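**Student:** next comes the sequence, and after it the predicted model I'd like to discuss.
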Amino acid sequence: MSGPNYFDKQRAKSTGPDYENRSKRGSGPNWRKHEKEVAERSGGRQQPGSGNKPGRPADTTDTRFLRECKSTKSAGISLKADWLKKIVEDAADRGKTPMIELRLEGQAPPVPQDWLLIPALDFEEYYGNH
């Protein structure tokens, strides 16, 4: 039987979109490192598969907070309403305070790279009278 031999042909380079971001691998923010550092600093633990497996909300959790970690190489980040809604709902289901941890790798000293976002009422409850 004769016909085209597809295995001997050189693969053509794709000219379409790079959905796997192969050309930029390693150039994005190091979110794994960020999540690990947050868990270590807070005395909590990372949630393996967070965001892609049911029943594993947020990126880290500890006795008081359920934390969603976001990081960027730039000096700023847009806050998404969906992030807030999800972390608030997940934290409420578990009796925890929702928190978003932001890492802005593009900040220049003396501005810190790491910031916390919690509801104002929770902040006042924990720190308002001190």
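**Tutor:** Received, thanks.

**Student:** so Gly28 touches Lys73, yeah?
**Tutor:** Yes. If you go by Cβ atoms under 8 Å, Gly28 and Lys73 touch, sitting 6.6 Å apart. Backbone N, C-alpha and C define where each C-beta goes, glycine included.

**Student:** tell me which element the nearest residue in space to Arg45 that is not next to it in sequence falls in.
**Tutor:** Residue nearest to Arg45 in three dimensions, not counting chain neighbours: Ala39, with 5.5 Å by Cβ to Cβ, 6 or more residues apart in numbering. In the assignment (DSSP states H and E), Ala39 maps to helix 31-42.

**Student:** just the local confidence number for Asp114, please.
**Tutor:** If you check Asp114, the pLDDT there is 91.

**Student:** that one and Asp93, how far apart?
**Tutor:** Distance from Asp114 to Asp93, counting by Cβ to Cβ, to the nearest Å: 26 Å.

**Student:** check which helices and strands the helix holding Ala39 sits against.
**Tutor:** strand 45-46, strand 60-61, strand 65-72, strand 97-104 (3 or more Cβ pairs under 8 Å, 6 or more residues apart in numbering; DSSP states H and E).

**Student:** mean neighbour count, distance to Leu84 and mean pLDDT added to the ones you listed, as a markdown table?
**Tutor:** Shown next, in a markdown table, are these (neighbours: other Cβ atoms under 10 Å; distance: least, Cβ to Cβ, whole Å; pLDDT from 0 to 100):
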| stretch | mean neighbour count | distance to Leu84 | mean pLDDT |
| --- | --- | --- | --- |
| strand 45-46 | 15 | 21 | 80 |
| strand 60-61 | 24 | 17 | 84 |
| strand 65-72 | 22 | 9 | 90 |
| strand 97-104 | 22 | 7 | 92 |
